[in-house]
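Student: Return a 3D structure for these sequence lines:
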Amino acid sequence: MIIINNDSQTVIIVIHEIYGINEHMKNICHLLSNKGFDVICPNLLNKDTSFDYSHEKAAYLHFMDNIGFKKASDIIKRLLLDMKDKYKKVYLIGFSVGATVAWLCSKEESLDGIVGYYGSRIRNYLEIDPHCPTMLVFPQKERSFHVDELISCFEEKKMVEVHKFNGLHGFSDQYSPNYHVKSAQEAFSKVIEFIKRH
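Tutor: Numbering: from 1, shown residues only. Below you'll find the model as predicted:
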């Protein structure tokens, strides 16, 4: 688990991808901390090391077989209960499976907002109508679904804003072959703006 304390009244809980707390997640936590927020990134995998990107299939199977979306969202919901009396504002920022976990928590009363980066599995939970401001970030193109079709599903959801950036899944991850510098910077600026707005 990563815990960075800046004595802020706002905490951001970062929800990692299938790989666990890797260098990308550490980097995101430090970027958010540099903006003055308190940051927590729980280790949902219950293992000391993260998966390497070359072991994507093993990482995915480990997540689905040992954790899954229900257990992961239950862990985050318990953490939210712990945070609600300690902070004035509580946000979730999730990446990939972490974005879907954040989406599954979006009806929790203690939340002030969620951000989901390329949460492709959100398409399996479109019946959810978030109760808090929600910002979803998608790349131009995804392997497993048509991005614009999914984006059109959020038009009726009042609390949801969607942004699409150049690049592929993982564009904000400087350790990924899909890293897109300009899109990563633009998306992060929009995230900070969104948090400050809400």
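
Student: To what extent is Pro42 buried, counted in neighbours?
Tutor: By other C-beta atoms under 10 Å, 18 other residues sit near Pro42. C-beta here means a position set from N, CA and C on the backbone, and glycine is covered the same way.

Student: Now for it: which residues touch it?
Tutor: Applying C-beta atoms under 8 Å, 6 or more residues apart in numbering to Pro42 gives the contacts Met1, Ile13, Ile15, Ile75, Ile76, Leu79.

Student: now swap in Thr100 and tell me
Tutor: Under the contact definition (C-beta under 8 Å, 6+ apart), the residues listed for Thr100 are Phe69, Gly94, Gly116, Gly119, Ser120, Arg121, Ile122, Asn124, Tyr125.

Student: Among the residues you listed, which are located in strands?
Tutor: Residues from the contacts of Thr100 lying in strands, with DSSP state E as the criterion: Gly94, Gly116.

Student: could you flag which of the contacts of Thr100 are buried?
Tutor: When neighbours are counted using 16 or more other C-beta atoms under 10 Å, those contain these buried positions: Phe69, Gly94, Gly116, Gly119, Ser120, Arg121, Ile122.

Student: Look up how far Ser144 lies from the last one.
Tutor: According to C-beta to C-beta, to the nearest Å, Ile122 and Ser144 sit 12 Å apart.

Student: Buried residues, stretch 32-46. List them.
Tutor: In terms of neighbour count (16+ other C-beta under 10 Å), stretch 32-46 has its buried residues at Leu32, Ser33, Lys35, Phe37, Asp38, Val39, Ile40, Cys41, Pro42, Leu44, Leu45.

Student: And those residues, which two are furthest apart?
Tutor: Of all pairs drawn from these, the greatest distance, 26.3 Å, lies between Lys35 and Leu45 (C-beta to C-beta).

Student: Report the contact partners of the nearest residue to Leu104 once chain neighbours are set aside.
Tutor: The shortest distance from Leu104 to any non-neighbouring residue, by C-beta to C-beta, 6 or more residues apart in numbering, is to Ser73 (4.1 Å). With contacts defined as C-beta under 8 Å, 6+ apart, Ser73 is in contact with Val101, Leu104, Cys105.

Student: backbone phi and psi for the second one, please?
Tutor: The phi/psi pair for Leu104 (degrees, to the nearest 10) reads phi -70, psi -20.

Student: Dump the buried ones among the contacts of Thr100 into JSON lines; add distance to His131 and pLDDT as well.
Tutor: Conversion of the buried ones among the contacts of Thr100 to JSON lines gives the following (distance: C-beta to C-beta, whole Å; pLDDT from 0 to 100):
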{"residue": "Phe69", "distance to His131": "18", "pLDDT": "96"}
{"residue": "Gly94", "distance to His131": "16", "pLDDT": "98"}
{"residue": "Gly116", "distance to His131": "15", "pLDDT": "98"}
{"residue": "Gly119", "distance to His131": "17", "pLDDT": "93"}
{"residue": "Ser120", "distance to His131": "22", "pLDDT": "91"}
{"residue": "Arg121", "distance to His131": "20", "pLDDT": "94"}
{"residue": "Ile122", "distance to His131": "16", "pLDDT": "96"}
